[in-house]
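Chemist: Structure, please.
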Amino acid sequence: MRRLLSSLLAVGLLLMLSACGAPASSSSSSASSEASSQTEEASPVTTPFTLPVFPEFSLHPTLGANRANLTLSPLLYEGLFLVDERFQAVPVLCERYSFSEDKRVWTFTLRSGITFSDGTPLTGQAVAEALNLARSEQGRYANRLADVVSIEAEENTNTITITLSRPNGSLPCLLDIPISHGSGDRPTGTGPYVLASTEDGLSLVPRSGWWQGKSLPFEQIPLYSVSKSDELIYAFDTGSISLLDVDLMATNAMGYGGNYQTWDYATTDLIYLGFNTRSGLCRSAQVRLAISAAIDRFALAQTTYASHAEPCVLPVHPDSPLYSQEIAGRLGYDPDVLAEQLDSLGLAGQELRLLVNSENEAKASAAQLIAYQLDSAGLTVQVEQLSYEDYTAALTRGDFDLYLGETVLTADFDLSPLLSSSGSLNFGRWQNSETDALLSAMHTARPGDGKQQAAQALFTQLEQQMPLAPLLFKNGSVLTQWGRLTQLNPLRNNVFYQFENWNIQ
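Modeler: Just a heads-up that it's a prediction; the model follows:
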């Protein structure tokens with residue numbers, strides 16, 4: 001019965017998502033086939049690899065906000081580091097770095113001989129200016145770099161110094177920020193392509209003197225100009241656009257038709273079940289642990305998130321070296337645990353209120369499936385779907401037993417906002433000095449030098465207390481026209497990772 005309900009919820013979700021976009025466009029491919037059969041000598045018309053652009057919006061990599069424009073950033077700009085598929089920092093513009101004993105002061109030395117596309121040398125001063133702009137109030141990275149006190153460089157040097165307000169052993173994981181030079185909405189970068197304007201419109205063309213010198217799969221990438229979302233959908237459905245980077249499970253996610261392939265990639269977007277640890281049934285760690293055990297995360301990922309999510313029982317991505325398979329194995333799906341706990345504690349038939357934001361279809365469906373799973377184990381759950389404003393207000397007041405939450409973690413998996421006593425997202429009001437100390441230890445430790453052990457210690461305590469129940473990490477998705485491209489290996493923040501290996505059909 002549980003699997004049947006999961007399937008029904010999945011079908012309903014997929015229908016809702018399809019309804020958000022334009023209808024599937026298969027007529028164009030049918031027409032092409034007919035034309036080919038009627039004229040044997042006609043050469044097949046191949047649409048070049050084309051990407052979308054919103055020319056009326058900024059293309060600035062740290063000040064812009066348009067998703068399609070930001071997708072272009074890795075082709076134009078590079079960061080000090082790249083964060084790979086295991087959430088590890090890989091040096092790009094940075095050649096080497098050092099740090100103080102307390103992990104508060106970091107010095108980064110840049111590679112020599114690199115220039116921006118206009119010929120301006122890459123210097124410490126240029127990088128410091130770019131990063132300070134990124135962390136300013138108008139920058140997209142203000143929250144990520146909130147612990148930064150200063151970013152400084154001596155004039156005409158190739159080093160920068162970053163000073164932090166609290167220790168961070170994984171600061172390089174936060175520095176995959178695109179470095180740009182110049183003012184305006186279209187600054188220059190150090191990446192493989194430059195933006196060109198012709199009579200036919202905007203396009204990306206290979207730059208001369210790119211320091212990496214790798215082969216590029218396209219000599220020119222035309223940019224298809226759009227001004228609103230429905231134009232973007234139509235252009236992709238009809239094949240005018242070759243690739244899109246999307247969140248298929250986002251609030252108000254657009255629907256896409258046509259014949260396309262999906263390439264998912266891991267993100268740090270965590271879906272979790274929050275508990276009110278100060279009042280009600282969820283004050284008990286036994287109850288929280290039993291509730292977590294009764295949730296079938298695989299069913300959530302496969303049905304309500306249409307396989308665009310990765311199940312997890314720990315608050316770090318399973319692809320990260322920090323994830324403990326040993327602890328995860330002990331926290332697996334076992335609905336009998338909840339039934340036994342309710343019976344032993346005399347709580348069978350008790351009712352809990354589960355809050356969810358009604359504006360996201362996937363989360364609303366997930367909340368209903370969680371309620372069904374808990375009901376099956378003997379715990380009555382009343383789902384309350386609220387507008388975003390009412391939902392956040394209820395969380396702030398602590399007016400809930402359970403809530404379905406979502407947050408985008410940083411790539412260093414700093415869990416302090418969720419779990420520390422003063423955390424900005426600690427709506428469950430979890431207060432535990434041991435947790436605070438373990439969070440600090442994990443944040444301070446260096447990868448390969450105690451960080452895994454610090455994470456293991458934190459997860460061991462969470463295994464005993466379960467102040468919140470991690471459920472899934474959402475995937476991002478790259479959509480491409482069917483059969484046109486192979487060997488894609490997209491990353492969070494860089495869907496063109498290993499671009500030189502792509503094959504064009």
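
Chemist: from here on, contacts and neighbour counts on C-alpha atoms
Modeler: Fine.

Chemist: Show me what the longest strand belonging to the chain is packed up against.
Modeler: Counting by DSSP state E, the longest strand found in the chain is strand 260-275. Here strand 260-275 touches strand 402-408, strand 468-481, going by 3 or more CA pairs under 8 Å, 6 or more residues apart in numbering; DSSP states H and E.

Chemist: For Leu145, which of the ones you listed is the nearest?
Modeler: strand 402-408 (14.2 Å; CA to CA).

Chemist: average pLDDT for that closest one?
Modeler: Averaged across strand 402-408, pLDDT comes to 98.

Chemist: Can you list the low-confidence ranges for the protein?
Modeler: Low-confidence segments of the chain (pLDDT under 70): 1-46.

Chemist: where do the helices sit along the stretch 351-500 of the chain?
Modeler: 361-376, 388-397, 416-419, 433-444, 451-465 (DSSP state H, counting those that start in this stretch).

Chemist: The ones you listed into a markdown table, with extra columns for mean neighbour count and distance to Asp185?
Modeler: Output for the helices of the stretch 351-500 of the chain, formatted as a markdown table (neighbours: other CA atoms under 10 Å; distance: least, CA to CA, whole Å):
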| stretch | mean neighbour count | distance to Asp185 |
| --- | --- | --- |
| helix 361-376 | 22 | 34 |
| helix 388-397 | 14 | 32 |
| helix 416-419 | 20 | 32 |
| helix 433-444 | 19 | 35 |
| helix 451-465 | 18 | 39 |
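
Chemist: Kindly reformat the ones you listed as TSV containing distance to Gln498.
Modeler: Formatted as TSV, the helices of the stretch 351-500 of the chain follow (distance: least, CA to CA, whole Å):
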stretch	distance to Gln498
helix 361-376	31
helix 388-397	38
helix 416-419	33
helix 433-444	30
helix 451-465	28
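
Chemist: wait, which of the ones you listed is closest to Asn168?
Modeler: Of the helices of the stretch 351-500 of the chain, nearest to Asn168 by CA to CA is helix 433-444, at 4.7 Å.

Chemist: packing partners for that closest one?
Modeler: helix 416-419, helix 451-465.

Chemist: who's in contact with the residue lying closest to Arg278 once chain neighbours are set aside?
Modeler: Nearest residue to Arg278, sequence neighbours excluded (CA to CA, 6 or more residues apart in numbering): Arg429, at 6.5 Å. Going by CA atoms under 8 Å, 6 or more residues apart in numbering, Arg429 touches Asn276, Thr277, Arg278, Ser421.

Chemist: ok, so what distance separates the first one from Tyr388?
Modeler: This means Asn276. 19 Å (CA to CA, to the nearest Å).

Chemist: Also Ala309?
Modeler: For Ala309 relative to Tyr388 (CA to CA), the value is 22 Å.

Chemist: Equivalent analysis for Gly255, please.
Modeler: 22 Å.

Chemist: next one: Ala285
Modeler: Distance from Ala285 to Tyr388, by CA to CA: 28 Å.

Chemist: do the same with Asp147
Modeler: For Asp147 relative to Tyr388 (CA to CA), the value is 28 Å.

Chemist: Next, Val316: phi, psi?
Modeler: In terms of degrees, to the nearest 10, the main-chain angles of Val316 are phi -130, psi 150.

Chemist: isn't it right next to Tyr323, touching?
Modeler: Yes - here Val316 reaches Tyr323: they are 6.1 Å apart, a contact under CA atoms under 8 Å.

Chemist: More neighbours: which of these two?
Modeler: Val316 (26 against 20; other CA atoms under 10 Å).

Chemist: so which helix or strand takes in the closest residue to Ser58 other than its chain neighbours?
Modeler: Closest residue in space to Ser58, ignoring its immediate chain neighbours: Asp185 at 4.7 Å, by CA to CA, 6+ apart. For Asp185, there is no host helix or strand (DSSP states H and E).
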